[in-house]
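**Q** Got a predicted model here, sequence first, then my questions.
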Amino acid sequence: LNQALARGDTGEALKLASKAHEERPQAGWAAKALLDLELKQGEWISARRTAKAAEKLKVIDRERYRRIEGLSYLEQARLEPESVRATALARDAARLLPEFVPALAIEARVLARAGREREAEKILEKAWGRGLGHPTIASAYAAIRPNESALDRARRFEKLTRGRPDATESRLTLAETAIA
């Protein structure tokens, strides 16, 4: 395993770590090595299973397990072509990572792609009102209705920023909307 890693052969290292974890499921080092490699390779479903095993072995704590699980759902949602499945995955990610702005943005984008624009807007408006005002939220909000007029967009962004009108990010966002 170490030799494969030293050579930069991540694929071979992943196979070896998987075999080690399979042969010795109680070995924390094997679970940790496998988890790290699965995350590096974007093997989200198997990383979620390995993270659960690593948490049971006390190799990672509960909070790290929840982050890995949430990020796994998030990446799956981002890549999922089927809208119903993508929406369910995005919701799971946002539930596990309620303060993680990219999870909320991807959830909104997936909902908008499924034709549920108003629901997507509400998610982002609620997040903004909770103090999660961020350019990623503003960008996702703009992407929900890309063909609207400048006046409609300005009105809609006023609604977005209504939850925290005096926040710096709200003022910047409204200024950018007015200029565009």
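**A** Perfect, I can see it now. Residues are numbered from 1 along each chain as shown.
**Q** Tell me the buried residues in the helix or strand containing L124?
**A** Taking DSSP states H and E as the criterion, L124 maps to helix 117-129. Neighbour counts over helix 117-129 (16 or more other Cβ atoms under 10 Å) mark 120-121, 123-125, 127-128 as buried. Using the backbone N, CA and C atoms, a C-beta is placed for each residue, glycine as well.
**Q** and after that helix, which helix or strand comes next?
**A** helix 135-144.
**Q** Which elements pack onto that following helix?
**A** helix 101-113, helix 117-129, helix 150-161, helix 168-179 (3 or more Cβ pairs under 8 Å, 6 or more residues apart in numbering; DSSP states H and E).
**Q** Now the terminal residues of stretch 161-171, how far apart.
**A** 8 Å (Cα to Cα, to the nearest Å).
**Q** can you list the residues that contact that stretch?
**A** 125-126, 128-131, 133-135, 138, 173-174 (Cβ atoms under 8 Å, 6 or more residues apart in numbering).
**Q** can you rerun that using 6 Å?
**A** Contact with stretch 161-171 is made by 128-129, 133, 173-174, as judged by Cβ atoms under 6 Å, 6 or more residues apart in numbering.
**Q** can you check stretch 5-12 too?
**A** 4, 13.
**Q** Dump the C-alpha coordinates for the helix or strand of the chain with the lowest mean pLDDT into PDB.
**A** Across the helices and strands of the chain, mean pLDDT, DSSP states H and E gives its lowest value to helix 2-7, namely a mean of 88. The C-alpha coordinates for helix 2-7 follow below in PDB (Å, rounded to 0.1, in the frame of the first residue of the first chain):
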ATOM      1  CA  ASN A   2       2.700   2.400   1.000                       C
ATOM      2  CA  GLN A   3       4.800   1.600  -2.100                       C
ATOM      3  CA  ALA A   4       1.800   2.200  -4.400                       C
ATOM      4  CA  LEU A   5       1.200   5.500  -2.700                       C
ATOM      5  CA  ALA A   6       4.900   6.400  -3.000                       C
ATOM      6  CA  ARG A   7       4.700   5.700  -6.800                       C
END
